[in-house]
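Trainee: this one's structure only:
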């Protein structure tokens, strides 16, 4: 099922069309989903997808999807999706890190609510 990842301002940042591989709208492959976790292609654990929210290791909100529900504050208004550019080849997947212990979910936004979440 296709899924769009929106940042704290409601801007679409990334998407998946196959529930596995995550691409930026520029076509750049930035990660993949495995067992509700998001990994970079190098194998670094980036965060966890829970109840329509992609959360960082501290439990803060990084992105929301169409499946997300409002918490204590309303969801940002969604911006229009940009055109999807031609997908670049996916790099090989490295050995996956063990996910850290799950932090409690927070209503706070992560400072990494942008493309830098996948690249930093």
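Mentor: Okay, I see it. None of the values given here were measured: they were computed from a predicted structure.
Trainee: Tell me where the protein has strands.
Mentor: Secondary structure of the chain (DSSP state E): strands at 3-6, 12-16, 21-24, 29-34, 37-39, 45-50, 53-55, 61-64.
Trainee: gap between residue 82 and residue 107?
Mentor: In this view, residue 82 and residue 107 are 28 Å apart by C-beta to C-beta, to the nearest Å. Just so you know, the C-beta spots here come from the backbone N, C-alpha and C atoms, and that holds for glycine as well.
Trainee: Dump the strands of the chain into CSV; add distance to residue 99, mean neighbour count and mean pLDDT as well.
Mentor: Listed next are those as CSV, based on distance: least, C-beta to C-beta, whole Å; neighbours: other C-beta atoms under 10 Å; pLDDT from 0 to 100:
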stretch, distance to residue 99, mean neighbour count, mean pLDDT
strand 3-6, 19, 21, 97
strand 12-16, 19, 20, 98
strand 21-24, 17, 22, 98
strand 29-34, 10, 20, 97
strand 37-39, 5, 22, 97
strand 45-50, 5, 20, 96
strand 53-55, 11, 24, 95
strand 61-64, 15, 26, 95
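Trainee: could those strands go into TSV alongside distance to residue 97?
Mentor: As requested, the strands of the chain are exported to TSV (distance: least, C-beta to C-beta, whole Å):
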stretch	distance to residue 97
strand 3-6	20
strand 12-16	20
strand 21-24	17
strand 29-34	11
strand 37-39	7
strand 45-50	4
strand 53-55	16
strand 61-64	17
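Trainee: right, and those strands - which one's nearest residue 95?
Mentor: strand 37-39 (10.0 Å; C-beta to C-beta).
Trainee: chain center to the closest one: distance?
Mentor: Centre-to-centre, strand 37-39 and its host chain are 8 Å apart (C-alpha atoms, centre = their mean, to the nearest Å).
Trainee: coming back round to it: so which of the strands of the chain comes closest to residue 112?
Mentor: With C-beta to C-beta as the criterion, residue 112 lies closest to strand 61-64 of those, at 5.8 Å.
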